[in-house]
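# Please work out how this folds:
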Amino acid sequence: MQENQKQPSTDVLSANLSTNIIRLKKELPIGKSFDIIARNITIGGHAGYYVMINGLVNSNLFLRLFQRFQSNLETDGVDSITDFIRIQLGNTEVTRQTEWKPVITGILSGYTALFIDGFSEGLILDMRNYPARGPEEPDLEKVTRGSRDGMVETIIFNTALVRRRIRDPHLVYEIKKVGSRSQTDVAIGYIQGVADDHLVSHIRETIQNLDTEALVMGEKTLEELMIKKRWYNPFPQAKFTERPDVVSAHLLEGHVAIFVDTSPSVMLFPATLFHFTQHSEDYYQNPLVGTFIRWIRFTAIFISIFFTPTWLLIAENPDSIPAFLSFLVPEEQAYFPLFIQLLLVELNLEILRMASIHTPSSLSTAMSIIGGLILGEYAIQIQLLTPDTVLFMAISSLATYAVPSIEFGMGLRIYRVFILVTTGLLSYIGYIVGIGTLFWVLYSTRSFSGLRYTWPLIPFDGKALSNILLRKPIIEVKRQKEKQQASKEKPVK
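Now for the predicted structure:
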């Protein structure tokens, strides 16, 4: 009885170039997709074959390198891959691969794959040149003074912008691939010895265990896959930023940053309620001015949530308010009750907000005039709305835009509408139920690290809370951290 011969694995490259070319044409739409370039070449008397994606490769570098390959200089006697790399690729980043999966993924990621007959290894040459825009200041995080660069859609540029600010050998970027089809590059950035090791491990394991085809919407899709949220909770549990200085500051504080290729936003973990109330502007001003700006922002947040529901409660119960608040009771009447008027204005403001996003910049001024002046004025004239409703809703909406985080601001807006509805339907009871629900959602929410969303207020941490309420000098914050670190390292007697 003859023994069965062991069949070669189909997952590894063959030393026969023809076999490799057949496999490549099965894995990739070579000859069908115009942007996949594949050519036969001769290197040192050996048949060769290369594959690349047009548009993702630096053309000048590619031409110089392959002209050298096909010249008669130093190409005779290619006896081993090691000699070939040493002689021909001394100044080029190259990886040797023996398995098909990393080869195919590398080609689709923009690398150039080179195969030489007689060798069972493929060379993955890094000559990538991704399309990218300049690092401009992000529109949502502008400052009056400070750096004007911002993240872009190329992950290597984003990590370099942070590395430029933190030249610490302990700054680590771990690269992962997410998505069975997209194979999107995701980098986990942290500073060893500063970031919590348990948090880093938790994030690493979560990303490795994700089961998805693609990160369609970049970092937002990744966040939804990582964080399982309740449908009634619109508040973000990861902080998003497009500013490299903000990412650097958070990394130095012990946070973990997640970079997603093709996305200009970086996710920061852990994130609590008060992380969304801070802005770079606070730190580009002196401490007193920064504290003043911060308290104005806190006031705006409270106005955006409670101002219109409280006014509605006062206006609908004029007999139970003190005389000095009587000016809040509207004197004019409209066809709709105040509750409906507020909801109508809220709806129209949301429509205007969405329309401003989709309106070309050349028409945005005209649209704001039509929406803000003409519609409001005529709504008052035909007694569809009262002037008080328009004024107080405008104040509330203006305060909403003072919130630095657009995701957190949207969560506050949703619960403002919820409190309006409960107050309009149930008066005092509805007002209490609406506010109680908001505080319960905030209290019951936990960050990705397990830290309660309301920390350092609940559970109470006086020093951490004082750093949030007051913009302290950098040297004072540094001394506090050094004292905390010394107390942790002090041996217990």
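# Helices of the stretch 351-493 of the chain, start to end?
For the stretch 351-493 of the chain, applying DSSP state H, counting those that start in this stretch gives helices covering 361-369, 375-381, 387-400, 406-444, 462-469, 474-489.
# Same check on the stretch 51-200 of the chain?
For the stretch 51-200 of the chain, the helices defined by DSSP H, counting those that start in this stretch cover 59-70, 81-88, 100-108, 155-165, 197-208.
# Residue 332 contacts residue 385, doesn't it?
No: under the criterion of CB atoms under 8 Å, residue 332 is not in contact with residue 385, lying 9.5 Å apart. All C-beta atoms are positioned from the backbone trio N, CA, C, and that covers glycine.
# More neighbours: which of the two?
For residue 332 versus residue 385, neighbours defined as other CB atoms under 10 Å are more numerous around residue 385 (26 against 11).
# Now for the nearest residue to that one once chain neighbours are set aside, how many residues are close by?
Of all residues not flanking residue 385 in the chain, residue 379 sits nearest, at 4.5 Å (CB to CB, 6 or more residues apart in numbering). Residue 379 is flanked by 20 other residues according to other CB under 10 Å.
# Repeat that for residue 15.
The local packing of residue 15 (other CB under 10 Å) involves 12 other residues.
# Residue 312 too?
24.
# Please apply the same query to residue 409.
Other residues lying near residue 409 total 18 when counted by other CB under 10 Å.
# what pairs with the closest residue to residue 190 other than its chain neighbours across the strands?
In this structure, residue 190 finds its nearest non-sequential neighbour in residue 256, 4.7 Å apart by CB to CB, 6+ apart. Counting by DSSP bridges, residue 256 forms beta bridges with residue 269.
# can you check residue 50 too?
Assessed by DSSP bridges, residue 50 has beta-bridge partners residue 39, residue 114.
# ok, residue 441 to residue 355 distance?
For residue 441, the distance to residue 355 (CB to CB, to the nearest Å) stands at 30 Å.
# ok, the two, which is more surrounded?
Using other CB under 10 Å, the more surrounded residue of residue 441 and residue 355 is residue 441, with 18 against 15.
# Do you know the pLDDT at the more buried one?
Note for residue 441: predicted pLDDT of 93.
# Please name the residues that touch it.
Counting by CB atoms under 8 Å, 6 or more residues apart in numbering, residue 441 touches 232, 233, 235, 415.
# now do residue 11
99, 100, 101.
# Surely the residue nearest to residue 190 touches residue 200?
Yes: if you go by CB under 8 Å, residue 256 and residue 200 touch, sitting 5.9 Å apart.
# Check the burial of residue 238 by counting its neighbours.
So residue 238, with other CB under 10 Å, has 22 neighbours.
# Give me the pLDDT for it.
pLDDT for residue 238: 92.
# With residue 69 instead?
For residue 69, the model assigns a pLDDT of 73.
# Test my guess that it contacts residue 89.
No: the pair residue 69 / residue 89 is not scored as a contact, 9.5 Å apart, by CB under 8 Å.
# Just the element for residue 223, please.
helix 219-226 (DSSP states H and E).
# Could you tell me the angle between the helix or strand containing residue 307 and helix 387-400?
Element membership for residue 307 (DSSP H and E) is helix 287-316. Angle, helix 287-316 to helix 387-400, by axes from the mean of the first three to the mean of the last three CA atoms, to 10 degrees: 150 degrees.
# helices or strands up against helix 287-316?
Packed against helix 287-316 by the contact rule (3 or more CB pairs under 8 Å, 6 or more residues apart in numbering; DSSP states H and E) you find helix 280-283, helix 338-358, helix 387-400, helix 406-444, helix 462-469.
# would you turn the ones you listed into a markdown table with distance to residue 164?
A markdown table is the format used below for those (distance: least, CB to CB, whole Å):
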| stretch | distance to residue 164 |
| --- | --- |
| helix 280-283 | 17 |
| helix 338-358 | 32 |
| helix 387-400 | 35 |
| helix 406-444 | 27 |
| helix 462-469 | 27 |
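# which one of these lies closest to residue 12?
Judged by CB to CB, the one of the helices and strands packed on helix 287-316 that comes nearest to residue 12 is helix 406-444, at 46.0 Å.
# now the closest one, how far from the chain's geometric center?
In terms of CA atoms, centre = their mean, to the nearest Å, the centre of helix 406-444 is set 27 Å apart from its chain centre.
# tell me which residues in that helix are buried?
Buried residues in helix 406-444, counted by 16 or more other CB atoms under 10 Å: 407-409, 411-413, 415-424, 430-431, 433-435, 438, 441-442.
# pull the CA atoms of the helix holding residue 223 into CSV?
Taking C-alpha atoms only, helix 219-226 is exported to CSV below (Å, rounded to 0.1, in the frame of the first residue of the first chain):
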residue,chain,number,x,y,z
GLU,A,219,-13.9,56.0,13.8
LYS,A,220,-17.7,56.3,14.4
THR,A,221,-18.3,52.8,13.3
LEU,A,222,-15.4,51.6,15.4
GLU,A,223,-16.8,53.3,18.5
GLU,A,224,-20.3,51.7,18.0
LEU,A,225,-18.6,48.3,17.6
MET,A,226,-16.5,48.8,20.7
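# Which SSE is immediately downstream of that helix?
As assigned by DSSP H and E, the chain's next helix or strand after helix 219-226 is strand 239-241.
# Give me the pLDDT value at residue 305.
At residue 305, the pLDDT value in this model is 93.
# typed the wrong thing, it's residue 174
Per-residue pLDDT puts residue 174 at 95.
# mind giving me the domain split of the protein?
Using automatic domain parsing, the domain parsing of the chain gives 17-125, 139-271, 283-444.
# isn't residue 308 right next to residue 423, touching?
No: Residue 308 lies out of contact with residue 423 (CB under 8 Å); the separation is 9.1 Å.
# contacting residues around residue 62?
Going by CB under 8 Å, 6+ apart, residue 62 touches 52, 112, 127.
# Pull the number of nearby residues for the residue nearest to the first one when sequence neighbours are not counted.
Taking CB to CB, 6+ apart, and ignoring the residues beside it in sequence, residue 52 has residue 112 as its nearest neighbour in space, at 4.2 Å. With neighbours defined by other CB under 10 Å, the count for residue 112 comes to 26.
# got the contact list for residue 112?
Contacts for residue 112 (CB under 8 Å, 6+ apart) come out as 50, 51, 52, 57, 62, 124, 125, 127.
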